[in-house]
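Trainee: I need the structure of the sequence given here:
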Amino acid sequence: MKSILYIAACLLPVSAWAQSTGEGSHHTINSEVFGKEREIKLYISDAIAESDDAHPVLFVFDAQFEPYWDLVANTVNYLSAVDQFPHVIIVGICTEHRPKEFTPEPIDERTKKRWDDTPLGGASVLSEHIRSEVMPFLEERYNVFPLRMAIGHSLGGTYVSNSVFDKEGLFHAVISVSPNMAYDYGALPAKLADILEEGKMRRAWHFAGAGTVGDMENLFRRNALVADSIYRANPHPNLIWDFRVYEGLNHMNSPIHVISEGLAAFNEFWNISEEEAMAYLSDTSATYVSQLQAHYQKLNEWIGTEYPLSADMINTLGYTAAYSDDWNSALGVIEWGLSAHPDDPNLSDSKGECLENLGDMEGALASYTRALEVLESVKERYSAEDIEYYEEIFKLNKDRATAALKDAK
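Mentor: The predicted structure is shown next:
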């Protein structure tokens, strides 16, 4: 069946928002690490709730601030619903003492003296809480893919950036919004310089941005620019680095722009854009499907495990070729998808459409029939409305193929 993304181009006001539903919830973890109860928030989209696939986790820091949590969760959810970001399990970490929980242990004696009345340096405790308590909590309830992402603003940005510059490997990809890299007299840029010089940078993706309005924002921006210059002077292939300056933004409106652009940048890194797919189709040195597989193999090597590419995404990539009337290439992609998702009825239907357009009506009929059989076996995954819709489409396709074969005799 044609890609949902194609249909949405005509029905965006109805279909895109209909797919963006989900459920938010609050949970309490009895934390041995902190010695007290800790609150987290979850947002699980319907696409995740109805899927057996493993999904990455996106941590949002400062989730105790409800408007900020809503901004991030809704932005991610919208982009996922329109295939512009992976479907992720969104986890909000509610912070009780930001200066203590978000900062690494201070190194400079001036910091220790200046802030001797304010607890600092508890970042490692927060990381241990996430690693040993939050992650097991999630893994007991969901099929979690081992790709961890994080978004942090201000001192939250300090924390997520430090997690990349550190060697602990808690997060694979972070969006750092107006990070306070002035903390501890520039200790974070210095840490980045050390790890790059040592050549021991682990694989990570780091997007950061800061505005130009306000004394505090300019202080943070200047120190982040120091980190940017350090990376550019000594880049490392394991670290994918992107720092952007946002003219006219201050410390409190920077999240709106930095987060949305950071999410888009990660999607560009992770998924194949329509432009890239078209370039693969034009490249005759290798098949379309082999180039797609090579792209995701590189990502698998980067993350260290195989990413479970969704049936919907593979179907979309297949129809990119179909819209160019390259049904052979489309068939190759759909068959690749079926090898990973043999019980996806939509892929079986799409295979039928490919075979029909290639003139193999018997094969098309078999695939349309298979789509109906698979749909019947996995009905529990879909709403009654979706089942009715799919059954109608699949039966129309099967009847058309049956009639065509009768006419040919």
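Trainee: Buried residues, the helix or strand harbouring Ala264. List them.
Mentor: Using DSSP states H and E, Ala264 sits within helix 254-270. Neighbour-count burial for helix 254-270, counted by 16 or more other CB atoms under 10 Å, picks out 254-255, 257-263, 265-267, 270. The C-beta positions use only the backbone N, C-alpha and C, and glycine is treated the same way.
Trainee: cool, stretch 152-167 as well?
Mentor: Buried, per 16+ other CB under 10 Å, within stretch 152-167: 152-166.
Trainee: Out of those residues, which sit inside helices?
Mentor: Counting by DSSP state H, those place Leu155, Gly156, Gly157, Thr158, Tyr159, Val160, Ser161, Asn162, Ser163, Val164, Phe165 in helices.
Trainee: Redo those residues as JSON lines? Include distance to Arg244 and pLDDT.
Mentor: Formatted as JSON lines, these follow (distance: CB to CB, whole Å; pLDDT from 0 to 100):
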{"residue": "Leu155", "distance to Arg244": "20", "pLDDT": "97"}
{"residue": "Gly156", "distance to Arg244": "18", "pLDDT": "98"}
{"residue": "Gly157", "distance to Arg244": "13", "pLDDT": "98"}
{"residue": "Thr158", "distance to Arg244": "18", "pLDDT": "97"}
{"residue": "Tyr159", "distance to Arg244": "20", "pLDDT": "97"}
{"residue": "Val160", "distance to Arg244": "16", "pLDDT": "97"}
{"residue": "Ser161", "distance to Arg244": "14", "pLDDT": "97"}
{"residue": "Asn162", "distance to Arg244": "20", "pLDDT": "95"}
{"residue": "Ser163", "distance to Arg244": "20", "pLDDT": "94"}
{"residue": "Val164", "distance to Arg244": "16", "pLDDT": "93"}
{"residue": "Phe165", "distance to Arg244": "18", "pLDDT": "89"}
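Trainee: now, which of these sits nearest Ala330?
Mentor: Ranked by distance to Ala330 (CB to CB), these are led by Val164 at 38.8 Å.
Trainee: In this structure the closest one contacts Phe207, no?
Mentor: No: using CB atoms under 8 Å, Val164 is not in contact with Phe207, being 10.3 Å away.
Trainee: could I get the ones in helices among the buried residues of stretch 152-167 as CSV with distance to His27?
Mentor: Formatted as CSV, those follow (distance: CB to CB, whole Å):
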residue, distance to His27
Leu155, 24
Gly156, 20
Gly157, 25
Thr158, 26
Tyr159, 21
Val160, 22
Ser161, 27
Asn162, 26
Ser163, 23
Val164, 27
Phe165, 30
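Trainee: and the nearest residue to Ile107 once chain neighbours are set aside, how far is that from Thr111?
Mentor: In space, and not counting its chain neighbours, Ile107 is closest to Ala187: 5.2 Å by CB to CB, 6 or more residues apart in numbering. When distance is defined by CB to CB, to the nearest Å, Ala187 is 8 Å away from Thr111.
Trainee: Right, I'll leave it there.
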